[in-house]
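**Q** Just a sequence and a predicted model for now, questions to come.
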Amino acid sequence: MPDPSLAVRRSSPLAPPRSFLWARRVFLTLLTGFVLLPVYVMVSSSLKPLADVSGTFRWLPSGLTIRPYIDIWSTVPLAKYFVNSLIVAGAATVCSVVIAVFAAYAVSRYDFRGKRVFTVTVLSTQMFPGILFLLPLFLLYVNIGNATGIALFGSRGGLILTYLTFSLPFSIWMLIGYFDSVPRDLDEAALVDGCGPLGALFRVVVPAAVPGIVAVAVYAFMTAWGEVLFASVMTNDTTRTLAVGLQGYSTLNDVYWNQIMAASLVVSVPVVAGFLLLQRYLVAGLTAGAVK
Amino acid sequence: MTTTAAEPAVRKNSPGAAPSGTPRRRTGRIRRIGLPYLLLLPALVLELLVHLVPMVIGIVMSFKQLTQFYIRDWGTAPWSGLDNYKVSVDFDAPVGEALLHSFLVTVGFTLLSVGLCWLIGTAAAVFMQDTFRGRGLLRTLFLVPYALPVYTAVITWVFMFQHDNGLVNHVLHDQLHLTDEPSFWLIGDNSFWALLTVSVWKGWPFAFLIVMAGLQNIPGELYEAAALDGAGMWQQIRRITLPSLRPVNQVLVLVLFLWTFNDFNTPYVMFGKAAPQAADLISVHIYQASFVTWNFGTGSAMSVLLLLFLLLVTGVYLAVTSRGRRTADA
């Protein structure tokens, strides 16, 4: 399993020279400023009265107010979008993880005809432009709906199906790396003890690869939560997700920037908090495949 | 990405690797052979439904005269041969000219964005290779742009780029007096630089992550040996760190390139459906060509051309960089 801490100590007997220390200080300070500037704008503006965000930009609010955080829920149906996003991203994540676990287990533990074709094909879909799938998928869903009555277009189901497939290639790829690092002796011992292959998978391999599975789940959730292109085409008024719904604030006659910033913050908190809490896993999982 | 993941599969796939050895009961054997396919089935079905079948449909559509009249039943749209492609690459006519312009803008944008993301990410990772106070906190902060949903990050930047009440004009015009007039950032030529700023802000942490992981694989003895030979810090970075990162960079740069080139979310949230000329990235351009004019046939042809271009670039890139690597190793 890759070391999740990423703590490298370079054991150089020489202390870094002054030029290096200064370059590091200057560079990292500037970079921190660049990274934090939008975060500061988002947080501070969300607490400003409307006059502060409508006129010339102010670094410091003239007064603090939590009014925007109350108004965001009534200006647009934010709660509805929130629930839609939660359902879509949650369901896509669960399905994606389960399906990826099965697929990665097959690739990691079995030799079979077409294995290379499978991995290469699945991975290469990652490089294709989303726009290439958008039009055909749109038509495919409409036509499946017309032919079978299963409403995929405009429904949450269609969006879940789409998003879970988007995160699948990368999830499978990350999990193959993780499963490969779980010693085969472990699941062979389980097989000898009378577990079936699925028993070995769920009792031995999955528990040993929990960090990888968490990483995949975080990745799948982030993918579904942040996607804009398909959400903007494949949702209607009742199924609209946050990615599209948030644009509702700026189409009004007056642009309530303080509310937009408050809503952005509220929407970001679940993913950013989740990401930062689980970052060790995700970082290790993301890099496990790329670096090997 | 593709090559690294495929390698283990090649190694294990020795000829005739089908289960052999002690004869087993027939049902057990079928189970053993069938099981991996069964495990792959859900993934396979979804990949077919959402990725591969639509791709084939997209290619078919590109040879059809598919306008809004045929949406309900696209199979009945008349074939149009190569007409959609001819329209797309006729650079003297408005449609082709606009596509070429968008393509060139995207190439320039992608090269700059990937270069900057790589540069900033690598510099940050190298500077943070040694432990120092606050390193863990900084690493967490640096990952925030990557963790934020694209649309909230972009909306915040849009606010900052506002003409009258944005932070950027306040700093550049009101406080530093660098411009005579407050600039427009979201329309006109400036929009290219605004888009680039947002793209780099959002993209560099990924390079940082990958390079940081790559640095872990450099054996510490290399640095010790170099230090004993009298190599200073800067020399160690140039002679050991950067060359050791080559394999990681090969994948990283390709992934960044493909993501940036195909990026739809950033420009779409930033400019809406009508992107300014200077920032007319290809994904939004094709989206607009298809959904605004409802001409799916031409949109598909453009998408296929884009895919062919990306395949070509990826192929050439992998061939060139792999060869370079082999000669360097020899």
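**A** Good, I have the coordinates.
**Q** all contacts plus neighbour counts: C-alpha atoms, from now on.
**A** OK.
**Q** mean confidence score for the helix or strand hosting residue B:146?
**A** Assigned by DSSP states H and E, residue B:146 falls within helix B:144-147. Confidence for helix B:144-147, expressed as mean pLDDT, is 92.
**Q** Spell out whether that helix and chain A are in contact.
**A** Yes. Against chain A, helix B:144-147 shows contacts by CA under 8 Å from any CA of the partner chain at B:144-145, B:147.
**Q** next one: stretch B:267-286
**A** Yes. Applying CA under 8 Å from any CA, one finds stretch B:267-286 touching chain A at B:283, B:286.
**Q** Give me the distance between the two termini of that stretch.
**A** 13 Å (CA to CA, to the nearest Å).
**Q** Next: stretch B:142-162.
**A** 25 Å.
**Q** Repeat that for stretch A:112-131.
**A** 33 Å.
**Q** Kindly report the same for stretch B:86-104.
**A** End residues of stretch B:86-104 are separated by 19 Å (CA to CA).
**Q** tell me the mean pLDDT over it?
**A** On average, stretch B:86-104 scores 90.
**Q** Residue ranges in chain A under the pLDDT threshold?
**A** A:1-14, A:251-253, A:283, A:285-292 (pLDDT under 70).
**Q** Contact partners for residue 162?
**A** Reading this off chain A. Residue A:162 makes contacts with residue B:50, as judged by CA atoms under 8 Å, 6 or more residues apart in numbering or on different chains.
**Q** wrong one, chain B
**A** Contacts of residue B:162 (CA under 8 Å, 6+ apart): B:168-169, B:184-186.
**Q** Tabulate the residues you listed (TSV), appending distance to chain A and neighbour count.
**A** As requested, those are exported to TSV (distance: CA to the nearest CA, whole Å; neighbours: other CA atoms under 10 Å in any protein chain shown):
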residue	distance to chain A	neighbour count
B:168	9	20
B:169	9	26
B:184	15	16
B:185	15	21
B:186	15	21
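**Q** what's the span of stretch B:216-236, first residue to last?
**A** By CA to CA, one end of stretch B:216-236 lies 15 Å from the other end.
**Q** What of stretch B:131-144?
**A** 20 Å.
**Q** sorry, back to before: chain A: which of the residues of helix B:144-147 next to chain A is nearest?
**A** Nearest to chain A among the residues of helix B:144-147 next to chain A is residue B:147, at 5.3 Å by CA to the nearest CA.
**Q** check contacts around the residue lying closest to residue B:300 once chain neighbours are set aside.
**A** Closest residue in space to residue B:300, ignoring its immediate chain neighbours: residue B:62 at 4.8 Å, by CA to CA, 6 or more residues apart in numbering or on different chains. Applying CA under 8 Å, 6+ apart, we find residue B:62 in contact with B:84-85, B:296-301, B:304.
**Q** Apply 7 Å and report the result again.
**A** Each residue near residue B:62 by CA atoms under 7 Å, 6 or more residues apart in numbering or on different chains is listed here: B:84, B:297-298, B:300-301.
**Q** Next: residue B:233.
**A** Per CA under 7 Å, 6+ apart, neighbours of residue B:233: A:16-17.
**Q** what about the helix or strand containing residue B:153 and chain A, touching?
**A** Per DSSP H and E: residue B:153 is located in helix B:150-160. Yes. Counting by CA under 7 Å from any CA of the partner chain, contacts between helix B:150-160 and chain A involve B:150-152, B:156-157.
**Q** got it, and stretch B:235-252?
**A** Yes. Contact of stretch B:235-252 with chain A (CA under 7 Å from any CA) involves residue B:248.
**Q** For that stretch, the averaged confidence score.
**A** 87.
**Q** Of the residues of helix B:150-160 next to chain A, just say which sits nearest to residue B:311.
**A** Closest to residue B:311 out of the residues of helix B:150-160 next to chain A is residue B:150 (26.1 Å), distances taken as CA to CA.
**Q** Any idea how many residues pack against the closest one?
**A** Applying other CA atoms under 10 Å in any protein chain shown, we find 23 other residues in the vicinity of residue B:150.
**Q** Just give the closest residue to it, not the sequence neighbours.
**A** Per CA to CA, 6+ apart, closest to residue B:150 is residue A:226, 5.8 Å.
**Q** Quick check: that neighbour touching residue A:243?
**A** Yes. Using CA atoms under 7 Å, residue A:226 is in contact with residue A:243, at 6.4 Å.
**Q** okay, and the common contacts of the two?
**A** Counting by CA under 7 Å, 6+ apart, the residues touching both residue A:226 and residue A:243 are residue B:151.
**Q** Going along the chain, name the helices of the stretch 101-250 of chain A.
**A** A:115-124, A:130-148, A:156-180, A:184-192, A:197-200, A:206-208, A:210-226, A:229-234, A:242-245 (DSSP state H, counting those that start in this stretch).
**Q** returning to that earlier point: can you flag which of the contacts of residue B:162 belong to helices?
**A** B:168-169 (DSSP state H).
**Q** Next, format the contacts of residue B:162 as CSV and append pLDDT.
**A** Shown next, in CSV, are the contacts of residue B:162 (pLDDT from 0 to 100):
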residue, pLDDT
B:168, 92
B:169, 91
B:184, 92
B:185, 91
B:186, 90
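**Q** Tell me how many other residues crowd residue A:37.
**A** 15.
**Q** related to what we said a few turns ago, same list, the contacts of residue B:162, but as CSV with distance to residue B:120 please.
**A** Converted to CSV, the contacts of residue B:162 look like this (distance: CA to CA, whole Å):
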residue, distance to residue B:120
B:168, 21
B:169, 25
B:184, 27
B:185, 23
B:186, 25
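**Q** And the residue nearest the centre of the chain?
**A** By default, I'm working from chain A. The residue lying closest to the centre of chain A (CA atoms, centre = their mean) is residue A:222, at 1.5 Å.
**Q** Chain B was what I was after
**A** Taking CA atoms, centre = their mean, chain B has its central residue at residue B:259, 1.1 Å away.
**Q** Relative to the whole chain's centre, how far out is the helix or strand it falls within?
**A** Assigned by DSSP H and E, residue B:259 belongs to helix B:246-262. Remark: helix B:246-262 is offset 7 Å from the chain centroid, using CA atoms, centre = their mean, to the nearest Å.
**Q** Now do it and helix A:130-148, the angle between them.
**A** 60 degrees (axes from the mean of the first three to the mean of the last three CA atoms, to 10 degrees).
**Q** How about residues contacting the helix or strand that helix B:246-262 is followed by?
**A** Downstream of helix B:246-262, the next assigned helix or strand under DSSP H and E is helix B:265-271. Here helix B:265-271 makes contact (CA under 7 Å, 6+ apart) with A:228-229, B:150-151, B:154-155, B:158, B:195, B:284.
**Q** The nearest residue to residue A:144 once chain neighbours are set aside: neighbour count?
**A** In this structure, residue A:144 finds its nearest non-sequential neighbour in residue A:150, 6.8 Å apart by CA to CA, 6+ apart. Neighbour count for residue A:150, taken as other CA under 10 Å: 15.
**Q** Where does the prediction get shaky in chain B?
**A** B:1-32, B:71-74, B:324-330.
**Q** now whichever residue of the stretch 151-300 of chain B sits closest to chain A, what's its secondary structure?
**A** For the stretch 151-300 of chain B, the residue closest to chain A is residue B:165, as judged by CA to the nearest CA, at 4.5 Å. For residue B:165, the assignment made with DSSP: H, G, I helix; E, B strand; the rest coil gives coil.
**Q** I'd say it and residue A:59 touch.
**A** No. Counting by CA under 7 Å, residue B:165 stays clear of residue A:59, with 11.4 Å between them.
**Q** The two: who's more crowded?
**A** Each of residue B:165 and residue A:59 has its neighbours counted (other CA under 10 Å); residue B:165 has more, 19 against 14.
**Q** Chain neighbours aside, what residue packs nearest to that one?
**A** In space, residue B:165 is closest to residue A:56, 4.5 Å off (CA to CA, 6+ apart).
**Q** Could you do residue B:202 as well?
**A** residue B:145 (5.3 Å).
**Q** same thing with residue B:113?
**A** Residue B:113 sits nearest to residue B:200 (CA to CA, 6+ apart), 5.7 Å away.
**Q** what's the spacing between stretch B:77-89 and its chain's center?
**A** 28 Å.
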